[in-house]
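Enquirer: Fold the following, please.
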Amino acid sequence: MREELYKIKENVIKMLSEAKSLQELEDIRLKILGKKGELTRILRGMGALSAEERPIIGQLANQIRSEIEGNLFAIERKLSAWLLEMKMKEEVIDVTLPGKRRYPGHKHPISLVADRVCEVFIGMGYSIAEGPDIEFDKYNFELLNIPKGHPARDAQDTFYINEDVVLRTHTSPVQARVMLSQKPPIRVICPGRVYRADAVDATHSPVFHQIEGLVVDKGVTMGDLIGALQTFASLTFGPKTRIRLRPHHFQFTEPSAEVDVSCWECDGEGCRLCKHEGFVEILGAGMVNPKVLEMCGIDSNVYSGFAFGMGIERVAICKYGIDDMRLLFENDIRFLEQF
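Expert: Numbers count the residues shown, from 1 in each chain. This next block holds a predicted model:
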C-alpha cells in the first residue's frame, strides 16, 4: 500500500505538469481525491491493515493528500492568472472608437396631456386630490346617486372584486371622498387611472385615464362652469378655441351637458379631423346634483357646485391628431418619439 501511495503521488506530479486548462485540473482532482478517486480507494482499504501498519499508512496518506491539494491549488492560481493574461491580450479595447449613444427619454403623451391639464386648473386655483384605484361601491356609485339596480350602472359595468368592492369606473369617487372629508369651499381636480369592461378597439380600452374637477361653494352657477371650461379649452387647444354645450344626462349632475371644443385644425369650418362638424366632443360636465351634495353632508340650500370629467386619452387623441387609441399603449418607440 505504501508503494501505491508513492505511485499515485508520482502520477499526479506528471499529470499536473501536463495540465493546460482548469477543466483538466478539475478532472485530476476528481480522479485522485474524488469519492471514487484512487487515493480515496486506498484510504477505504486501510481497515484490512494490521494495528501497527494502520497509523503509519494513514499518516503517509494524509501527507500525500495535503501535498496533492497544495500542488493543485498552486497550479490552479498560476494557470488562472495565465489564462486571464491571454484573454486580456486577445480582447483589446480600442478606446478611440466612439461610444454607444444613450438617448434621453421623455414623458409619454398621456403624461404630457395630464400634466398640462393639471397645470391649467392649478393656475385657476384648484388643488389635486387622489384616491384608490380599488374602490368601494358606496363611493363609486351610491354616493353619486347611482344606487344598486340603477340602469346608469350598465354603461359603467366594471370589474368587481366582490359585491361591495370594484375597480373604479371613473375618478368621481374621489370627489365624494373630498366632499365627505372637507367643508366648502372646495376646488379640486382628480386625475387617475380608471377601469371599465370595454373591448379594446380604436376608441376604447378597459384601462384608461381621467381627470375630473369639482367646485363647491356658495353661489356657484352654470356660468362659472362655462367660464372654467372656456379657460381650459383656450389654454389647452389654442386661444381661438370655442366651446359648445349640448344637453345630456348624468346621474350625479343636474343640469348636465356634453362639452365640445371648436376644431383647432379648421377653426370650426369643418375638416377630416372633426368629421366636418367644426367641433370635437371632449368632456362631460354639469351642476352637482343637490342629492349628491346632501348625501355627502353638504347643505344644498346653502351651497351649489359644478363637476366635469374628461378622458386623458381622448384629449391626447384630439390634441395630437391620433386616429387609434391603441397606439398610446403599444409602446412603439417610433410612435412615442414624435412627442
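Enquirer: For the chain, just list every one of the helices.
Expert: Using DSSP state H, the helices assigned to the chain run over residues 2-18, 22-33, 38-44, 53-90, 109-123, 137-140, 172-181, 222-237, 290-295, 312-320, 333-336.
Enquirer: buried ones in the first one?
Expert: Okay, so that is helix 2-18. By 16 or more other CB atoms under 10 Å, the buried positions in helix 2-18 come out as 5, 8-9, 12, 16. Using the backbone N, CA and C atoms, a C-beta is placed for each residue, glycine as well.
Enquirer: quick one: it to chain centroid distance?
Expert: Centroid separation for helix 2-18 versus its chain: 62 Å, with CA atoms, centre = their mean, to the nearest Å.
Enquirer: Same question for the second one.
Expert: With CA atoms, centre = their mean as the basis, helix 22-33 stands 50 Å off its chain's centre.
Enquirer: For it, which outside residues touch it?
Expert: Helix 22-33 has contacts (CB atoms under 8 Å, 6 or more residues apart in numbering) with 8, 12, 15-16, 19, 37-40, 65, 68-69, 72, 75-76, 79-80, 83.
Enquirer: With just CA atoms, put that helix into PDB.
Expert: Extracted C-alpha coordinates of helix 22-33, given in PDB (Å, rounded to 0.1, in the frame of the first residue of the first chain):
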ATOM      1  CA  LEU A  22      -8.800  24.500 -15.400                       C
ATOM      2  CA  GLN A  23     -11.000  21.700 -16.600                       C
ATOM      3  CA  GLU A  24      -8.000  19.300 -16.700                       C
ATOM      4  CA  LEU A  25      -7.100  20.300 -13.200                       C
ATOM      5  CA  GLU A  26     -10.700  19.500 -12.000                       C
ATOM      6  CA  ASP A  27     -10.500  16.100 -13.800                       C
ATOM      7  CA  ILE A  28      -7.300  15.300 -12.000                       C
ATOM      8  CA  ARG A  29      -8.800  16.300  -8.600                       C
ATOM      9  CA  LEU A  30     -11.800  14.100  -9.100                       C
ATOM     10  CA  LYS A  31      -9.600  11.200 -10.400                       C
ATOM     11  CA  ILE A  32      -7.400  11.200  -7.300                       C
ATOM     12  CA  LEU A  33      -9.300  12.900  -4.500                       C
END
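Enquirer: Can I get the buried residues of helix 2-18 in CSV including distance to residue 210?
Expert: Shown next, in CSV, are the buried residues of helix 2-18 (distance: CB to CB, whole Å):
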residue, distance to residue 210
5, 83
8, 80
9, 81
12, 76
16, 74
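Enquirer: Pull the most distant pair out of these.
Expert: 5 and 16 (16.7 Å; CB to CB).
Enquirer: Out of the helices of the chain, which gets nearest to residue 244?
Expert: Nearest to residue 244, of the helices of the chain and by CB to CB, is helix 222-237 at 10.1 Å.
Enquirer: by contact count, what packs against the closest one?
Expert: Helix 222-237 sits against helix 109-123, strand 207-217, strand 243-250, strand 253-262, strand 279-288, strand 304-311, helix 312-320, with contacts defined as 3 or more CB pairs under 8 Å, 6 or more residues apart in numbering; DSSP states H and E.
Enquirer: what do you get if the cut-off is 7 Å, keeping everything else the same?
Expert: Helices and strands touching helix 222-237, by 3 or more CB pairs under 7 Å, 6 or more residues apart in numbering; DSSP states H and E, are helix 109-123, strand 243-250, strand 253-262, strand 279-288, strand 304-311.
Enquirer: So in that sheet, which strands flank the third one, and in what orientation?
Expert: This points to strand 253-262. Strand 253-262 has its sheet partners listed here by DSSP bridges as strand 243-250 (antiparallel), strand 279-288 (antiparallel).
Enquirer: For that strand, output the C-alpha coordinates as PDB.
Expert: Provided in PDB are the C-alpha atoms of strand 253-262 (Å, rounded to 0.1, in the frame of the first residue of the first chain):
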ATOM      1  CA  THR A 253     -75.200  66.300 -12.200                       C
ATOM      2  CA  GLU A 254     -78.300  68.300 -13.000                       C
ATOM      3  CA  PRO A 255     -78.400  70.000 -15.400                       C
ATOM      4  CA  SER A 256     -75.800  68.100 -17.400                       C
ATOM      5  CA  ALA A 257     -74.100  68.700 -20.700                       C
ATOM      6  CA  GLU A 258     -71.600  67.200 -23.200                       C
ATOM      7  CA  VAL A 259     -68.900  69.800 -24.000                       C
ATOM      8  CA  ASP A 260     -67.400  70.200 -27.400                       C
ATOM      9  CA  VAL A 261     -64.500  72.400 -28.500                       C
ATOM     10  CA  SER A 262     -64.100  74.000 -31.800                       C
END
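Enquirer: Compute the inter-axis angle for it and helix 222-237.
Expert: Strand 253-262 and helix 222-237 are oriented at 30 degrees to each other (axes from the mean of the first three to the mean of the last three CA atoms, to 10 degrees).
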